[in-house]
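Trainee: No sequence on hand, only this structure:
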């Protein structure tokens, strides 16, 4: 037998051995998915044609909450959340989550997106398993003309909470970042503020006393999907003190 032919046989045998080793190292069909399977859940969900669309304006933050429903048994590996959106910046807080934790996918539309629909693709990955959801909102034309008053209301609630609910850890020194929400609403205005621990939704009724109420509801970030505390000032101009009220069942978007 020629050396050239022998070398070809040896090379062929090596290829066969490598293929067998690779196949043997792979998990049985379906095993990887069974061990890492999950579904992602997004709030707010995609709107149907019968529902009014969600709105934001350029430069403001639209915040989606993401959780997972785990189908894997005793899997402690986290799911990594990612997001993409055309004509928008996407920032993710608490990117790696397990069941019971909450990620925040923040979408910031650009000026070029005014008058368009932003479609956001949110993906979760863990091992060989993945899941994907698509949600959207409209980008309206307009400016944030409610920040100053929203901050005044927040300061009023915060000072009262610092004295009357110190267990929340909210003080006059707590730092907040704010963004307008539901900018097309007129009679009732809405604003979101975020500290390291809390999402605070401020809403107020633009009316004369005694119908000039203001409310705040608080969601603990990264482990709650809905507000756990809520308070109301029944008349802002009458300098009413906040009183506890029933928290809403869902976050406001």
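Mentor: On my side now, so go ahead. This one's a predicted model, so the numbers in the text were calculated from it and none came from an experiment.

Trainee: just checking, next helix/strand downstream of the longest strand along the chain?
Mentor: Of all segments of type strand in the chain, defined using DSSP state E, the longest is strand 129-140. Sequence order places helix 147-164 as the next helix or strand after strand 129-140, per DSSP states H and E.

Trainee: what separates that next one from the chain centre, distance-wise?
Mentor: 24 Å (Cα atoms, centre = their mean, to the nearest Å).

Trainee: Please name the residues that touch residue 199.
Mentor: Residue 199 is in contact with 63, 192-193, 218-219, 221, 251, counting by Cβ atoms under 8 Å, 6 or more residues apart in numbering. Any C-beta I mention is one placed from the backbone N, CA and C, and that applies to glycine too.

Trainee: Now the terminal residues of stretch 184-200, how far apart.
Mentor: In stretch 184-200, first residue to last residue: 20 Å (Cα to Cα, to the nearest Å).

Trainee: Please identify the buried residues of it?
Mentor: For stretch 184-200, burial by neighbour count (16 or more other Cβ atoms under 10 Å) applies to 189-195, 198-200.

Trainee: ok, now how distant is the closest residue to residue 157 other than its chain neighbours from residue 168?
Mentor: Closest residue in space to residue 157, ignoring its immediate chain neighbours: residue 216 at 4.6 Å, by Cβ to Cβ, 6 or more residues apart in numbering. Residue 216 sits 11 Å away from residue 168 when distances are taken as Cβ to Cβ, to the nearest Å.

Trainee: Compare the two and say which is more crowded by neighbours.
Mentor: residue 216 (26 against 17; other Cβ atoms under 10 Å).

Trainee: Name the strands paired with the helix or strand hosting the more buried one and say parallel or antiparallel.
Mentor: Assessed by DSSP H and E, residue 216 sits inside strand 214-220. If you go by DSSP bridges, strand 214-220 pairs up with strand 198-205 (antiparallel), strand 229-233 (antiparallel).

Trainee: Counting neighbours, show which residues of the last one come out buried.
Mentor: In other words, strand 229-233. For strand 229-233, by 16+ other Cβ under 10 Å, it's 229-233.

Trainee: which residues sit against the next helix or strand after that strand?
Mentor: Past strand 229-233, further along toward the C-terminus, the next helix or strand under DSSP H and E is strand 243-244. The contact list for strand 243-244, computed with Cβ under 8 Å, 6+ apart, reads 229-232, 234.

Trainee: Select the helix or strand of the protein having the lowest average pLDDT value.
Mentor: Counting by mean pLDDT, DSSP states H and E, the chain has its least confident helix or strand at helix 3-25, which shows a mean of 43.

Trainee: Check the secondary structure at residue 191 for me.
Mentor: Classification of residue 191 by DSSP: H, G, I helix; E, B strand; the rest coil places it in strand.

Trainee: Who does it form a beta bridge with?
Mentor: residue 180, residue 202.

Trainee: measure it to residue 64 for me?
Mentor: Distance from residue 191 to residue 64, by Cβ to Cβ: 18 Å.

Trainee: circling back to that earlier point, what's the offset of the strand holding residue 216 from the middle of its chain?
Mentor: Mean-position distance between strand 214-220 and its chain equals 17 Å (Cα atoms, centre = their mean).

Trainee: Now it: buried residues?
Mentor: By neighbour count on 16+ other Cβ under 10 Å, the buried set for strand 214-220 is 214-219.

Trainee: Over to stretch 59-70?
Mentor: So, applying 16+ other Cβ under 10 Å, buried residues of stretch 59-70: 60-68, 70.
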